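Engineer: build the 3D model from these lines:
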Amino acid sequence: QVQLVESGGGLVQAGDSLRLSCAASGRPFSPYPMGWFRQAPGKEREFVAAISYNGATTYYTGSVKGRFTISRDNAKSTVYLQMNSLKPEDTAVYYCAAPRSPGPPRSRVIDYDYWGQGTQVTVSS
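Structural biologist: Model prediction:
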């Protein structure tokens, strides 16, 4: 059973930084791409960033490009999301996700099969 556990969320002010972590277990980590999503109150879950199995390829949604960085440490079975210059509109529950099968990084919710419990990020103005 694949388990994903996020950590690192919190309450920060606009312009601050946070680093989210997602520790994976239950199967080998390195063959699979990983993704980060977020969901604000009353809104659908949306794609934030994705990374290939080896970290060589990354994708971001437009609103976070240049501010957020996704990375991974396969030796630690962990994926990270470094968030800089945070804005109030970044407030959401952040989820990491993994697909059932290897392949390129992907950006749709339906392409992911395993999800963490989420970590709250709140950015005050």
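Engineer: helices of this structure, start to end?
Structural biologist: Counting by DSSP state H, one finds no helices in the chain.
Engineer: who's in contact with V12?
Structural biologist: 18, 86, 121-124 (CB atoms under 8 Å, 6 or more residues apart in numbering). Just so you know, the C-beta spots here come from the backbone N, C-alpha and C atoms, and that holds for glycine as well.
Engineer: swap in 10 Å and give it another go.
Structural biologist: 18, 83, 86, 90-91, 121-124 (CB atoms under 10 Å, 6 or more residues apart in numbering).
Engineer: pull the most distant pair out of those residues.
Structural biologist: Greatest spatial distance among those (CB to CB): M83 and S124, at 14.6 Å.
Engineer: neighbour count winner among the two?
Structural biologist: Per other CB atoms under 10 Å, whichever of M83 and S124 has more neighbours is M83, with 26 against 11.
Engineer: at the geometric centre of this protein, which residue sits there?
Structural biologist: W36 (2.3 Å; CA atoms, centre = their mean).
Engineer: so which residues of this structure form strands?
Structural biologist: 3-7, 10-13, 18-25, 34-39, 46-51, 58-60, 68-73, 78-83, 92-98, 114-115, 119-124 (DSSP state E).
Engineer: excluding its backbone neighbours, what's nearest S63?
Structural biologist: Nearest residue to S63, sequence neighbours excluded (CB to CB, 6 or more residues apart in numbering): E89, at 7.5 Å.
Engineer: what of L11?
Structural biologist: T122 (4.6 Å).
Engineer: ok, now F68?
Structural biologist: Spatially, and ignoring its direct neighbours in sequence, F68 is nearest to M83 (5.1 Å; CB to CB, 6+ apart).
Engineer: can you give me the pLDDT of the one you found?
Structural biologist: Note on M83: pLDDT of 98.
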